[in-house]
Structure formats: structure tokens, C-alpha cells
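Asker: dropping the sequence and predicted coords here.
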Amino acid sequence: MVVFLSLSSEIAAQRGGYGEERYEKEEIQRKVREIFTKMQDDPRDAGDWQVVDAGSDVDEVSRRIWEVVEPILENVKDKELRSIQ
């Protein structure tokens, strides 16, 4: 499972410290979003991506992440781990 935290550049720019890191530039963010969107649309990965709106406060985003992760954990908690080779 991939949890993609979706956040518009406009909202990200309103948060403290945005733009201080080299990857927090508008052009780079746009390119990264394009690449992730292509990866998400790949039919080989259908169902593996969960998009979470990260535009809310930390507690709300945490709750949304848990909503998509918890069912997966419940589904696999009693299953034996296996090696992938």
C-alpha cells in the first residue's frame, strides 16, 4: 500500500518553513505530483494507492491516514510473513 498525502502548493506555501528546502519549489512540486499521478494510474498498481487529503491539521490528517491503514493491518495481522525472492 502507498499512502499519498495530497496537498496543493497553495496550502503547502501557507505552512511554516515552506520553500526553505530545495524540493519545496513550485516547479519541483508540480513535477513530483505529475510523476506520482502517473505511478498511481499504473494498472499494475491498481488498488495499492490510497490518496489522503493532507490539507487539514495534523490530527485530522492522522485520522484519515489511520482510516485507510487500519483495515489493511486488520486483514494481515494474523497472516504469516513470507519471503519475496
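Answerer: Nice, I can see it. Numbering: from 1, shown residues only.
Asker: how about the helix or strand of the chain with the lowest mean pLDDT: buried residues?
Answerer: Sorting the helices and strands of the chain by mean pLDDT, DSSP states H and E puts helix 9-14 at the bottom, at a mean of 76. If you call a residue buried by 16 or more other Cβ atoms under 10 Å, then helix 9-14 has no buried ones at all. Glycine gets a C-beta too; all of them are placed from N, C-alpha and C.
Asker: bridging residues for the closest residue in space to residue 36 that isn't next to it in sequence?
Answerer: Counting by Cβ to Cβ, 6 or more residues apart in numbering, residue 36 lies nearest to residue 4, which is 6.1 Å off, once chain neighbours are set aside. When bridges are called by DSSP bridges, residue 4 pairs up with residue 51.
Asker: my guess is residue 4 contacts residue 45. True?
Answerer: No - counting by Cβ atoms under 8 Å, residue 4 stays clear of residue 45, with 11.2 Å between them.
Asker: higher neighbour count, those two?
Answerer: Ranked by neighbour count (other Cβ atoms under 10 Å), residue 4 and residue 45 place residue 4 first, with 15 against 11.
Asker: number of residues surrounding the closest residue to residue 56 other than its chain neighbours?
Answerer: Ranked by Cβ to Cβ, 6+ apart and with sequence neighbours excluded, the top spatial neighbour of residue 56 is residue 64, at 7.6 Å. Counted with other Cβ under 10 Å, the neighbours of residue 64 add up to 18.
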